[in-house]
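# here you go, sequence then predicted model.
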Amino acid sequence: MAKRTRAGTTNQQRDRNILLALAAIMALQMISFGVIMPIFARRLGDFGAGVEALGLMAMAYSITSIVASPFMGSLADRIGRRPLVLGSLAAYVAAFTGYLLAPSVNAFIIIRALAGAMTAGLGPAVMSIAADIAAADERARWFGVIGGGSSVGWIVGPTVGGYLFDQWGYVAPFMAAIVLAVVALIAAIVMVPETLTRKVEVTANVQPKKKEPAKEIASSRRSSHLRQLWQTVPKPLSTFSILLLISFSTIFAYAFIEPQLMVYVYDVLDWSSTRFGLAVSGLGLTLVFGQTLLGNLSDKFGRKLVLIAGILLSTAMYATVSATSSFQLIFLAYIVAGMGEALIAPALTAFYLDISREEHKSRVLGIKNAAGALGGVAGPMLVVVVTRIIRPQSVFTIAVGLLLFVALLAFIVLRDPMKVKSDRAGRLQKSTSSQILV
């Protein structure tokens, strides 16, 4: 018994180390990207390009990510999590090198588009590894820890990148990003194992199939593909649809207000760059500590409750910016909104996995990421249209209204996964009892 206990403890410690390693790797990866993020505009400016090129670059990345995310998630379910993690991290190294060496704006945009496709598997694969080895009642907690690691990049990266650029020019931040990305890749090679378990089905006494006509074979294949697609989709479908709507809407809301926010805080509120940076840093710090410390709340109180609370809290930033010019109140609203985002991220990922089949976890997370990327594309496109006909504050009001509507739908439609499983078990038990009686 003592040996078993020590073995169990050893395995738990190993799993814990892997999960902490994933958080550190995601922190390194996001810091490496954060270092060069504020330099994109400077680099494109050297080529004589401006806001339009930045918009095209962001759109190219989002579109290729939308297309590739479900496919990459499917690959992680078929060939394993580790190859997708290593391949995505290697793609980041290649992309950062490409940004440094790109000879023109068009080359820069093409590299950004390729990066969107080739790195789309990182998120689904990392979260699937966490789901593979974390206990079901601790998934959201570890998703929060890993998400907190990612959020570190948004705090540290831009500050370091700006300093390096000011001191040594654009080559320094790109070289720093490449080095950090290489370190993340090496850490993954050393510390991240394959966690996908393969189930082999053995069928005895299988009768040889009769040869079928070509038309029947084609029809059978189409039917088989449709069945496989239907099996991939988590059930109940209403719950999955609302989760996709949440993934889309939370990203869309910020992408929708972001262009207007940049103009509004400087031109209307008369903020300095330092004030705006302080507000963003406050949001980032709240995300780090919120996801790390509160990620387990949905494990304790249910996914639905925490998701709705997070959505409601996230509206604070949009509502306050449109209602007041007080920096103190807006800064506080940023903190509250960051807390909301910190509640949403781990609970939403855990909710997806709670209703997904084991063999389709990465594919489902890929679909989730695609829904978010679609929101990232649709938001800026729509705001360009509506800002011509409405006041700036109305943009923030629309974002608030959308999120409140989504929260209401979630309250009406969503059922907590544990309750769904309990109901299914009850129906199965009742059905089995009826068959025994018959």
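Received the coordinates, thanks.
# can I get the helix or strand harbouring residue 99 in PDB? Just the C-alpha atoms.
Assigned by DSSP states H and E, residue 99 belongs to helix 81-101. What follows is helix 81-101, C-alpha atoms only, in PDB (Å, rounded to 0.1, in the frame of the first residue of the first chain):
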ATOM      1  CA  ARG A  81      -0.700  16.800 -28.700                       C
ATOM      2  CA  ARG A  82       3.000  17.000 -28.600                       C
ATOM      3  CA  PRO A  83       3.700  17.400 -32.400                       C
ATOM      4  CA  LEU A  84       1.200  20.300 -32.500                       C
ATOM      5  CA  VAL A  85       2.800  22.000 -29.600                       C
ATOM      6  CA  LEU A  86       6.300  21.600 -31.000                       C
ATOM      7  CA  GLY A  87       5.300  22.500 -34.500                       C
ATOM      8  CA  SER A  88       3.400  25.700 -33.400                       C
ATOM      9  CA  LEU A  89       6.300  26.900 -31.300                       C
ATOM     10  CA  ALA A  90       8.800  26.200 -34.200                       C
ATOM     11  CA  ALA A  91       6.400  28.200 -36.400                       C
ATOM     12  CA  TYR A  92       6.700  31.100 -34.100                       C
ATOM     13  CA  VAL A  93      10.500  31.000 -34.300                       C
ATOM     14  CA  ALA A  94      10.200  31.000 -38.100                       C
ATOM     15  CA  ALA A  95       7.600  33.800 -38.200                       C
ATOM     16  CA  PHE A  96       9.700  36.100 -35.900                       C
ATOM     17  CA  THR A  97      12.700  35.500 -38.100                       C
ATOM     18  CA  GLY A  98      10.600  36.300 -41.100                       C
ATOM     19  CA  TYR A  99       9.300  39.500 -39.600                       C
ATOM     20  CA  LEU A 100      12.900  40.600 -39.100                       C
ATOM     21  CA  LEU A 101      14.100  39.700 -42.600                       C
END
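# now for the helix or strand that comes right after that helix, which elements pack on it?
Later in the chain than helix 81-101, the nearest helix or strand by DSSP H and E is helix 105-118. Contacts defined by 3 or more Cβ pairs under 8 Å, 6 or more residues apart in numbering; DSSP states H and E place helix 105-118 against helix 40-46, helix 51-78, helix 81-101. Yep, even glycine has a C-beta here, placed from its N, CA and C like the rest.
# and helix 105-118, how far out from the chain middle?
Centroid separation for helix 105-118 versus its chain: 20 Å, with Cα atoms, centre = their mean, to the nearest Å.
# what does that helix contact?
43-44, 47-49, 53, 56-57, 60-65, 67-68, 87-88, 91-92, 94-95, 98-99, 102 (Cβ atoms under 8 Å, 6 or more residues apart in numbering).
# mind listing what the residue most central in space within the chain touches?
Geometric centre of the chain, nearest residue: residue 369, 5.4 Å, by Cα atoms, centre = their mean. Residue 369 sits next to 65, 69, 73, 120, 123, 124, 247 when contact means Cβ under 8 Å, 6+ apart.
# show me the two of these that sit farthest apart.
120 and 247 (14.4 Å; Cβ to Cβ).
# more neighbours, those two?
residue 120 (28 against 23; other Cβ atoms under 10 Å).
# pull out the buried members of the contacts of helix 105-118.
Taking 16 or more other Cβ atoms under 10 Å as the criterion, what is buried in those is 43-44, 49, 53, 56-57, 60-65, 68, 87-88, 91-92, 94-95, 98-99, 102.
# apart from its chain neighbours, what residue comes closest to residue 259?
Sequence neighbours aside, residue 383 is the residue nearest to residue 259 in space, at 5.5 Å (criterion: Cβ to Cβ, 6 or more residues apart in numbering).
# my bad, should have said residue 160
According to Cβ to Cβ, 6+ apart, the nearest residue to residue 160 is residue 35 (5.5 Å).
# send the alpha carbons of the helix or strand hosting residue 291 over as PDB?
Per DSSP H and E, residue 291 falls inside helix 273-294. Extracted C-alpha coordinates of helix 273-294, given in PDB (Å, rounded to 0.1, in the frame of the first residue of the first chain):
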ATOM      1  CA  SER A 273       0.100  57.400 -23.300                       C
ATOM      2  CA  THR A 274       1.200  56.700 -19.700                       C
ATOM      3  CA  ARG A 275      -2.400  56.800 -18.500                       C
ATOM      4  CA  PHE A 276      -3.600  54.500 -21.200                       C
ATOM      5  CA  GLY A 277      -0.700  52.100 -20.600                       C
ATOM      6  CA  LEU A 278      -1.500  52.100 -16.900                       C
ATOM      7  CA  ALA A 279      -5.100  51.100 -17.500                       C
ATOM      8  CA  VAL A 280      -4.100  48.300 -19.900                       C
ATOM      9  CA  SER A 281      -1.400  47.100 -17.400                       C
ATOM     10  CA  GLY A 282      -4.100  47.000 -14.700                       C
ATOM     11  CA  LEU A 283      -6.300  44.900 -16.900                       C
ATOM     12  CA  GLY A 284      -3.400  42.600 -17.700                       C
ATOM     13  CA  LEU A 285      -2.300  42.200 -14.000                       C
ATOM     14  CA  THR A 286      -5.900  41.400 -13.100                       C
ATOM     15  CA  LEU A 287      -6.000  38.700 -15.800                       C
ATOM     16  CA  VAL A 288      -2.800  37.100 -14.500                       C
ATOM     17  CA  PHE A 289      -3.800  37.000 -10.800                       C
ATOM     18  CA  GLY A 290      -7.500  36.400 -11.600                       C
ATOM     19  CA  GLN A 291      -7.000  33.300 -13.800                       C
ATOM     20  CA  THR A 292      -4.300  31.900 -11.500                       C
ATOM     21  CA  LEU A 293      -6.200  32.400  -8.200                       C
ATOM     22  CA  LEU A 294      -9.800  32.200  -9.300                       C
END
